[in-house]
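In: Let's see this in three dimensions:
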Amino acid sequence: MACASSTILCATCETLSSEVKPKPGILLCTGCQKHFCSQHIVKHRQDLTNLLENTVLNERNVLQEKISTCNEQQWSDNIKVQVEMINKWELDTTELIKQSAAYARQRLQEIALKEGDKLLKQFAMLSSVIDTLRENENYFENDINQLINKLQQLQHDIEHFPVELSIKKISHELIVVKPLTQPVSHTAAPCYFVDLLLTSQKPKVSIHLSPGALGQMHPISDQLIAFSYGRELPTLNIVKKSWNSLRGVSEAIELHWSSCLQQFLVLLPSGQNFRPNELYQSDPYSGNTKEIWAKSANLQSSWSRDYKTLTCFKEHVLLVVGDRIEKWLANDPDWHTNEQSYTGWSPPISCNPQDKIKCIRMNDLYYALLIETYDYQSRAPVLYFHLRSHGMSTLYCMQTDYNKSPDRMRLISLSNECGWLFFFCGENKHCCYVLDNDGKRYDQNIVLLSNVTDIAVQNNLIFLRKKVANSTNDVLEIYDWQK
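Out: Numbering: from 1, shown residues only. Predicted coordinates:
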């Protein structure tokens with residue numbers, strides 16, 4: 001009797017609770033090359049069908065409508081910028097040719113006057129020699145021949161100025177216009193973003209989370225991820241799959257890890273009515289926590305500074321203080337006392353005076369802000385997304401889907417600066433979509449179908465926390481964006 005080969009388990013069953021025995025993956029999906037049991041292959045196909053119907057066909061229909069309504073004028077509008085560039089080049093080049101011609105005429109005139117003066121002097125000298133020979137009658141055949149040769153040479157020089165003129169021909173191909181074929185770059189992420197990860201690859205790591213009130217995820221490095229949990233920070237080593245308990249700060253409004261400081265920046269309520277929030281710097285390894293006092297001639301002391309939100313990116317810390325945005329270079333523990341590392345923006349650059357900045361993020365190319373504006377027509381606050389350059393100029397602004405709980409909206413910069421992920425998971429409302437840097441939206445339907453409850457990004461890793469059906473456990477799946 002032949003020995004049975006090692007059984008390949010169903011890709012979906014493997015992500016379920018350990019209480020449910022995984023079934024063999026007897027059916028292969030030739031697209032993603034994953035094996036599924038007879039039950040989950042049906043769900044897998046249904047997920048693909050939903051993705052095709054809700055995303056691909058919608059994109060096709062929108063594009064078809066746009067193309068079908070385009071006329072000759074609209075096609076011409078697509079090359080309006082290029083036509084303006086050609087017109088500007090034409091004017092600039094014409095002006096340059098006029099300037100070059102004027103300079104050439106001036107230079108030719110200068111040479112002509114100089115050479116004419118030179119020839120006049122030569123004629124005067126030769127004429128003087130002839131007069132002297134005539135007066136003294138002291139000349140012979142060879143003198144006559146030399147005088148004739150000099151006179152003929154002088155006549156030739158007068159008729160033919162020794163000037164060289166070189167005019168470069170202008171080619172009709174000074175401007176070359178041709179179709180541009182753009183290579184596909186990995187930085188231009190596929191249109192499904194996180195959905196594509198879920199449908200095209202298996203998790204790099206999959207770890208079951210034990211029952212417990214683990215809060216929001218906070219990646220510390222490619223190997224460590226912490227979870228908010230009161231005064232403790234349960235921290236998971238995803239390589240060793242082992243847990244450690246770091247020291248946290250209870251009642252934190254926001255918790256941000258600074259990779260440069262190797263500490264958390266923590267936003268806490270003051271605990272007193274009408275007092276602004278407080279900002280702390282916390283070392284989770286030693287448990288040392290200190291309040292940040294940013295003292296400056298231009299800045300108020302920390303106890304009166306109204307901290308609203310913040311974020312950390314590489315060596316930078318972005319703070320929203322009232323309606324003002326501050327960027328600090330946090331390259332040492334006392335970064336907040338160094339005014340030379342500080343840049344600030346006030347209204348109307350930061351926001352309009354009546355608006356509220358609810359969230360701010362940063363990557364190597366952009367700033368991203370969620371700004372709450374009161375809509376007098378609907379008599380309700382509206383949440384807008386602003387994408388800005390590092391000079392704080394607005395590149396585009398658009399309204400978001402959910403306005404009721406902006407503080408619970410996850411705004412995440414995706415790897416390679418390719419887009420911004422919006423994620424909200426509430427009791428009755430779930431949303432997940434990506435806005436690329438041009439403002440185009442991509443709904444993440446597979447994420448919503450997969451019962452994802454939290455998302456975090458660290459470098460090229462994407463952490464997804466999912467609810468497991470028929471189980472009290474969650475599962476943490478980690479995907480590699482570059483794969």
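
In: helix/strand/coil for Tyr374?
Out: strand (DSSP: H, G, I helix; E, B strand; the rest coil).

In: secondary structure element for the nearest residue to it once chain neighbours are set aside?
Out: Spatially, and ignoring its direct neighbours in sequence, Tyr374 is nearest to Pro381 (5.4 Å; Cβ to Cβ, 6 or more residues apart in numbering). Quick note: C-beta positions are derived from backbone N, CA and C, even for glycine. Using DSSP states H and E, Pro381 sits in strand 380-388.

In: Direction included, what does that strand pair against?
Out: strand 367-375 (antiparallel), strand 394-399 (antiparallel) (DSSP bridges).

In: element containing His163?
Out: Heads up, residue 163 is Val, not His. Under DSSP H and E, no helix or strand contains Val163.

In: Okay, now the unreliable bits of the stretch 351-483 of the chain?
Out: Under the criterion pLDDT under 70, the flagged ranges of the stretch 351-483 of the chain are 402-407, 482-483.

In: which residues of it fall in helices?
Out: Assigned by DSSP state H, counting those that start in this stretch, the helices in the stretch 351-483 of the chain fall at 445-449.

In: for the stretch 151-300 of the chain, same thing?
Out: Taking DSSP H, counting those that start in this stretch, the helices of the stretch 151-300 of the chain run over residues 194-200.

In: Let me see the domain layout of the protein.
Out: Domain segmentation of the chain under automatic domain parsing yields 1-64, 88-134, 194-480.

In: Most tightly packed of those?
Out: Across these, averaging neighbours per residue (mean count of other Cβ atoms under 10 Å) puts domain 194-480 on top, at a mean of 17.

In: Quick check: end-to-end length of that domain?
Out: End-to-end distance for domain 194-480: 10 Å, by Cα to Cα, to the nearest Å.

In: Relative to the whole chain's centre, how far out is it?
Out: 17 Å (Cα atoms, centre = their mean, to the nearest Å).

In: what does stretch 112-127 give?
Out: Put simply, stretch 112-127 sits 70 Å off its chain's centre (Cα atoms, centre = their mean).

In: Next, find the distance separating the nearest residue to His44 once chain neighbours are set aside from Arg324.
Out: Distances taken as Cβ to Cβ, 6+ apart place Phe36 nearest to His44, at 5.5 Å, with adjacent residues excluded. Remark: distance between Phe36 and Arg324 (Cβ to Cβ, to the nearest Å) = 54 Å.

In: which stretch among the domains of the chain comes nearest Leu165?
Out: Distance to Leu165, taken as Cβ to Cβ, is lowest for domain 88-134 among the domains of the chain, at 7.5 Å.

In: Nearest to Phe123 among the strands paired with strand 380-388 would be which one?
Out: Comparison of the strands paired with strand 380-388 against Phe123 by Cβ to Cβ identifies strand 394-399 as nearest, at 73.4 Å.

In: Poorly predicted segments of this protein, please.
Out: Counting by pLDDT under 70, the chain shows low-confidence ranges at 1-6, 17-19, 72-78, 170-177, 180-192, 211-213, 271, 293-304, 402-407, 482-483.

In: Which strands and helices lie in contact with the helix ranked longest in it?
Out: Identified as the longest helix of the chain according to DSSP state H is helix 80-136. The criterion is 3 or more Cβ pairs under 8 Å, 6 or more residues apart in numbering; DSSP states H and E, and the helices and strands that helix 80-136 contacts are helix 141-159.

In: quick one, the helix it packs on and helix 80-136 angle?
Out: Helix 141-159 and helix 80-136 meet at an angle of 160 degrees, taking axes from the mean of the first three to the mean of the last three Cα atoms, to 10 degrees as the criterion.

In: packing partners for helix 141-159?
Out: So helix 141-159, by 3+ Cβ pairs under 8 Å, 6+ apart, packs with helix 80-136.

In: just how off-centre is the helix it packs on within its chain?
Out: For helix 80-136, the distance to the chain centre is 55 Å (Cα atoms, centre = their mean).

In: Please apply the same query to stretch 193-206.
Out: Using Cα atoms, centre = their mean, the offset of stretch 193-206 from its chain centre is 23 Å.

In: how about the strand holding Pro381 as PDB, C-alpha atoms only?
Out: Output in PDB follows, covering the C-alpha atoms of strand 380-388 (Å, rounded to 0.1, in the frame of the first residue of the first chain):
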ATOM      1  CA  ALA A 380     -24.200  69.100  10.800                       C
ATOM      2  CA  PRO A 381     -20.400  68.700  10.900                       C
ATOM      3  CA  VAL A 382     -18.800  67.200   7.700                       C
ATOM      4  CA  LEU A 383     -15.400  65.500   7.600                       C
ATOM      5  CA  TYR A 384     -13.100  66.300   4.700                       C
ATOM      6  CA  PHE A 385      -9.800  64.700   3.600                       C
ATOM      7  CA  HIS A 386      -7.000  67.100   2.600                       C
ATOM      8  CA  LEU A 387      -3.900  65.900   0.700                       C
ATOM      9  CA  ARG A 388      -1.100  68.500   1.000                       C
END
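
In: Once you drop chain neighbours, what's closest to Asn288?
Out: Ser282 (7.4 Å).

In: Can you lay out the domains of the chain as CSV showing distance to Ile158?
Out: Converted to CSV, the domains of the chain look like this (distance: least, Cβ to Cβ, whole Å):
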stretch, distance to Ile158
domain 1-64, 75
domain 88-134, 6
domain 194-480, 65
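
In: Of all those, which one comes closest to Lys169?
Out: Going by Cβ to Cβ, the one of those nearest Lys169 is domain 88-134, 12.7 Å.

In: can you pull up the bridge partners for the residue nearest to Asn288?
Out: Here Ser282, judged by DSSP bridges, has bridge partners Phe264, Thr289.

In: cool, and His208?
Out: Val475.

In: how close does it get to Lys34?
Out: His208 is 19 Å from Lys34, by Cβ to Cβ.

In: what's the answer for Leu449, then?
Out: Counting by Cβ to Cβ - Leu449 and Lys34 are separated by 16 Å.

In: what do you get for Cys13?
Out: For Cys13 relative to Lys34 (Cβ to Cβ), the value is 11 Å.

In: go on, Ile167?
Out: For Ile167 relative to Lys34 (Cβ to Cβ), the value is 70 Å.

In: Val20 contacts Asn473, doesn't it?
Out: No: counting by Cβ atoms under 8 Å, Val20 does not reach Asn473; the two are 10.2 Å apart.

In: Surely Gln216 touches Phe227?
Out: Yes: if you go by Cβ under 8 Å, Gln216 and Phe227 touch, sitting 7.2 Å apart.

In: List the contacts of Cys431.
Out: Taking Cβ atoms under 8 Å, 6 or more residues apart in numbering, we find Cys431 in contact with 401-402, 422-424, 448.

In: Closest one of those residues to Ala124?
Out: Phe422 (91.1 Å).

In: Quick check: nearest residue in space to the closest one, chain neighbours excluded?
Out: Nearest non-adjacent residue to Phe422 (Cβ to Cβ, 6+ apart): Tyr433, at 5.5 Å.

In: quick one, what contacts that neighbour?
Out: 401, 421-422, 441-444.

In: now the residues you listed as JSON lines including distance to Ile253?
Out: Formatted as JSON lines, the contacts of Tyr433 follow (distance: Cβ to Cβ, whole Å):
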{"residue": "Asp401", "distance to Ile253": "23"}
{"residue": "Leu421", "distance to Ile253": "21"}
{"residue": "Phe422", "distance to Ile253": "20"}
{"residue": "Arg441", "distance to Ile253": "29"}
{"residue": "Tyr442", "distance to Ile253": "30"}
{"residue": "Asp443", "distance to Ile253": "29"}
{"residue": "Gln444", "distance to Ile253": "27"}
